[in-house]
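> predicted model and sequence follow; I will ask about them next.
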Amino acid sequence: MASGLPIIEINGLTKTYAGRKGGHKALDSLTLNAYQGEILGYLGPNGAGKTTTIRLLLDLIRPTSGSARMFGLDVNHDSVAIRKRIGYLPAELALWENQTSLEIIRYFGRARGGVDMRYVRELAERLEFDLTKKIRQYSTGNKRKIGLILALMHKPDLLILDEPSSGLDPLMQQLFIQLLREARDNGQTIFLSSHMLSEVQAVCDRVAILRDGRLQTIDRVDALTHVDFYWVNLRLREGVSLDLFRDLPGVNDVSVNGDQIRLRLNGDFEPLLQALDGHYIVDVRTEDPTLEEVFLNYYGDLPLLNGHKRAAQAKDKERVK
């Protein structure tokens, strides 16, 4: 369970890359915290600033302005001490192609002052991973598995994971979620940058949404998915025309399939009920939006991050406050 102790503290962090037209601001005044024992999801499309944030936290690049601390230590001045306490999986993992996984694990284990090989073998068994093969022999999914083992094997206080389950099959993705929950229950903190919105919704305690380098919102997953719109599914005794719902206050994204109607509703039911006066309503069901749909409130002009296209959102793409 999350405590009140901040493990990551980011305050006004800004990164501008030099360029011909005054430079590109990859990150703009980012302020957020991640607390001990929580999984914080970090969402945004490519170019939003997620990887820039991670590189700043790891002292791989330096900020234009602002600051960041981990474990109460400055990420620039105390980066060596910080790295002893973190596990990191980058989006692109580069390892020695002609070395076996076991050789690489032992190398990093020595660099860290030792590693529990029983735990390494337990992780490998759970991930159905062969430690004896050379890196060049692995598929993309298996390369993610060795990356996960390297990040998890020393049971770090903080895990920083950038697209960690990319390339894993659905069963391994479920196991990955289980491993993260176990780490959280053990008091570890996880900073999870992911394009898999369903994964984030399944495992994260809170979610931060980033757009064009600026933080749009940060809140608990359950709070984000109880926003000011929801879906209404109606079944009528007889079919109706789409024209019945035209220009109704708060009603958008209407689809009619015979006697089945699905629509998005912002606000009160009353205008909808008045429009349906005289029609026999057999059944009414409402649904809270998924995290994907909340995300589209911020990115209505973009395809979903998990690669699925969806029809453009309604005219009133109001941002969730």
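Sure thing, it's come through.

> quick one: secondary structure of the spatially closest residue to residue 242 that is not a sequence neighbour?
Closest residue to residue 242 apart from its sequence neighbours, by CB to CB, 6 or more residues apart in numbering: residue 256 at 5.4 Å. Bear in mind the C-beta positions are built from the backbone N, C-alpha and C, glycine included. Classification of residue 256 by DSSP: H, G, I helix; E, B strand; the rest coil places it in strand.

> same question, residue 51
Assignment for residue 51 (three-state DSSP): helix.

> tell me the contacts of it?
Residue 51 is in contact with 91, 162, 193, counting by CB atoms under 8 Å, 6 or more residues apart in numbering.

> likewise for residue 245?
251, 254, 261, 263, 272, 275.

> do residue 5 as well
Contacts of residue 5 by CB under 8 Å, 6+ apart are 35, 36.

> hmm, try it at 6 Å
residue 36 (CB atoms under 6 Å, 6 or more residues apart in numbering).

> can you check residue 154 too?
112, 115.

> and it, how far from residue 99?
The spacing between residue 154 and residue 99, counted by CB to CB, to the nearest Å, is 19 Å.

> coming back round to it: out of the contacts of residue 51, who's the most crowded?
residue 193 (24 neighbours; other CB atoms under 10 Å).

> and which of the contacts of residue 51 is nearest to residue 150?
residue 162 (13.4 Å; CB to CB).

> pretty sure that closest one is touching residue 88, no?
No. With contact defined as CB atoms under 6 Å, residue 162 and residue 88 do not form a contacting pair (8.1 Å).

> quick check: bridge partners of the residue nearest to residue 242?
Here residue 256 sits in beta bridges with residue 261, as judged by DSSP bridges.

> quick one on the thing from earlier: so which of the contacts of residue 51 are in strands?
162, 193 (DSSP state E).

> pipe the contacts of residue 51 into a markdown table and attach pLDDT and distance to residue 217 per row.
Below are these laid out as a markdown table (pLDDT from 0 to 100; distance: CB to CB, whole Å):
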| residue | pLDDT | distance to residue 217 |
| --- | --- | --- |
| 91 | 86 | 23 |
| 162 | 91 | 21 |
| 193 | 91 | 16 |
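
> nearest to residue 45, of the contacts of residue 51?
For the contacts of residue 51, the nearest to residue 45 is residue 193 (11.6 Å; CB to CB).

> once you drop chain neighbours, what's closest to residue 177?
Using CB to CB, 6+ apart, the closest residue to residue 177 is residue 203 (4.8 Å).

> got the contact list for that neighbour?
Here residue 203 is in contact with 39, 177, 180 (CB under 6 Å, 6+ apart).

> okay, domains of the protein per the record?
For the chain, automatic domain parsing gives the domain ranges 6-224, 230-288.

> hey, least reliable of the ones you listed by pLDDT?
Ranked by mean pLDDT, the domains of the chain bottom out at domain 230-288, with a mean of 85.
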